[in-house]
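Asks: Pasted the sequence and its predicted model underneath.
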Amino acid sequence: MSIETALIVSPESWGVSKLSKHHYAIALAKAGIKVYFLTTESSAAKKEDTICEENKNIIITVVNIPAYLNILRFHNRRLYNYFLSFKVKKWVAEHDAIDWLFSFERSGVFTDLSSFKAKRTIFFPVDQVETKYVNEYKGFDRLVSISSVILDPFENIENRVLIHHGLSPIFISNNERQFEVNKIPKTIAYVGNLLIGPILDRESLSRIVNENPDITFHFYGPNTSNKNNLGANSEKTTVDFVAFLRYKHNCVLHGAVSSKDLFEAFKKVDGFLLCYDYRYDKNKCSNSHKIMEYLSTGKPIISTRISMYDDLDLFPMMDTFDNTSFPDFFKSQIHNWKNMTTKEIMKKRMEFAADNVYDRKIQKLLKL
């Protein structure tokens, strides 16, 4: 089936920080497809569509969810879905017919995906769907996700597809494939929203920073609520943790950066760090989109356990979800740096990442 228009329904708005739904929109747009990138806002006023500055084939569009409707969403699902259906019908009537719909929404906002009248629909939650809404989702041709943890609640759905996260082609374009790295690591990078809350294992990270004063840790990602399109946890423990990093002599906070700037920054670091707390992660530490970007460099990654990578032997990670000994594990891997930086293992990482570039993933998804 030819595809001229696509609709991506995203729980995150468009911004500097990019997640999988943003990258899929970019990949589709680069292929010459007109892409509507739809989010919601808590407003009664209509917001006009805007053309994305990054690619003129992407149109940012909003469905307003006023306060009364948002209250119904949590307290009266029947009435919520009834009133929402009029908003969706209005949106459909005012826009081009949709060939393909990719919905990443998983919080019970749009549960009847057939209402968008797309010729082909993929339900693509990359975070665990809220339990109370699982049975409401319908009207899709395929259920796709990056984690079996996310797919498992849909036990009655046969058309389930498990895939890895994708990679922006920026991270492999002009990749110099240099396999020489420092024998002793001096710089380690962490990429992610520092305001994500307790999912980030702040206790382990604090220990690692304190116990490795000779290593400079570079943090890329939102660290203030200003212009943060990924959401912010404002609890005191989160604010205090960011303040701790900001005033440590061996930490540099870069804030949110574009994928292009991140690619350039990766050339200057020796390796990467991932540190999630299983107890607070709704996806049970099953996957993380940033890993593919790390792998694209070929450089070492030191990580808490991420189950999607259990048997791939691409980087050292904890063999348990208990992070108590992770700071000690981090130190042991720093001492094992030589074995993590052989030409063979670095090449293996880069090739794995290149196989998962978003352009290729789109072609595979369109064949489902």
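Replies: Perfect, thanks for sending it.
Asks: Can you list the low-confidence ranges for the stretch 101-250 of the chain?
Replies: For the stretch 101-250 of the chain, applying pLDDT under 70 flags the ranges 173-180, 227-228, 230-232.
Asks: show me where it has helices.
Replies: Applying DSSP state H, counting those that start in this stretch to the stretch 101-250 of the chain gives helices spanning 148-151, 202-211, 236-246.
Asks: what does the last one rub up against?
Replies: Put plainly, it is helix 236-246. 194-195, 197-198, 200, 202, 205-206, 209, 217, 219, 223-224, 251, 253 (C-beta atoms under 8 Å, 6 or more residues apart in numbering). Backbone N, C-alpha and C define where each C-beta goes, glycine included.
Asks: Please repeat the previous calculation with a cut-off of 7 Å.
Replies: Helix 236-246 is contacted by residues Leu194, Leu195, Gly197, Arg202, Ser206, Phe219, Asn223, Cys251, Leu253 when judged by C-beta atoms under 7 Å, 6 or more residues apart in numbering.
Asks: Distance from it to the middle of the chain?
Replies: Centroid separation for helix 236-246 versus its chain: 23 Å, with C-alpha atoms, centre = their mean, to the nearest Å.
Asks: got it, and the first one?
Replies: Offset of helix 148-151 from its chain centre (C-alpha atoms, centre = their mean): 15 Å.
Asks: quick one: buried residues of that helix?
Replies: Using 16 or more other C-beta atoms under 10 Å as the test for burial, helix 148-151 gives Val149, Ile150, Leu151.
Asks: Give me the helices and strands touching it, please.
Replies: Helix 148-151 is packed against strand 160-162, with contacts defined by 3 or more C-beta pairs under 7 Å, 6 or more residues apart in numbering; DSSP states H and E.
Asks: List the buried residues in the strand it packs on.
Replies: Neighbour counts over strand 160-162 (16+ other C-beta under 10 Å) mark Arg160 as buried.
Asks: list the helices and strands it packs on?
Replies: So strand 160-162, by 3+ C-beta pairs under 7 Å, 6+ apart, packs with strand 142-145, helix 148-151.
Asks: mind saving the C-alpha coords of the last one as CSV?
Replies: Spelled out, that is helix 148-151. Only the C-alpha atoms of helix 148-151 are listed here, as CSV (Å, rounded to 0.1, in the frame of the first residue of the first chain):
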residue,chain,number,x,y,z
SER,A,148,7.8,-7.9,26.5
VAL,A,149,6.8,-6.2,29.8
ILE,A,150,4.6,-3.8,27.8
LEU,A,151,3.2,-6.5,25.5
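Asks: got the contact list for it?
Replies: Contacts for helix 148-151 (C-beta under 7 Å, 6+ apart): Pro125, Asp127, Gln128, Val129, Leu143, Ser145, Arg160, Leu162, Asn283, Lys284, Ser286.
Asks: Farthest-apart pair in these, please.
Replies: Across the contacts of helix 148-151, no pair lies farther apart than Leu143 and Lys284, at 18.2 Å, counting by C-beta to C-beta.
Asks: neighbour count winner among these two?
Replies: Counted by other C-beta atoms under 10 Å, Leu143 and Lys284 do not tie: Leu143 has more neighbours, with 20 against 16.
Asks: is the more buried one in a bridge, and if so with what?
Replies: Phe123, Arg160 (DSSP bridges).
Asks: Show me what the longest helix seen in the chain is packed against.
Replies: In the chain, assigned by DSSP state H, the helix with the most residues is helix 77-94. The criterion is 3+ C-beta pairs under 7 Å, 6+ apart, and the helices and strands that helix 77-94 contacts are helix 67-75.
Asks: how far off helix 77-94 does the helix it packs on point, in degrees?
Replies: Angle of helix 67-75 versus helix 77-94, following axes from the mean of the first three to the mean of the last three C-alpha atoms, to 10 degrees, is 130 degrees.
Asks: All further residue positions should be reported with the first residue as 51.
Replies: Let's use 51 as the start, then, which means that last one is helix 117-125.
Asks: any residues touching helix 117-125, and which ones?
Replies: If you take C-beta under 7 Å, 6+ apart as the criterion, helix 117-125 is touched by Ser92, Leu129, Tyr130, Phe133, Leu134, Gly158.
Asks: for stretch 126-133, same thing?
Replies: With contact meaning C-beta under 7 Å, 6+ apart, stretch 126-133 is reached by Leu119, Leu122, Arg123, Asp162.
Asks: And those, which is closest to Ser70?
Replies: Lowest distance from Ser70 to these (C-beta to C-beta) belongs to Asp162, with 23.0 Å.
Asks: which ones are touching Ile238?
Replies: Residues near Ile238 by C-beta under 7 Å, 6+ apart: Ile265, Phe267, Val319, Asp320, Gly321, Phe322, Leu323.
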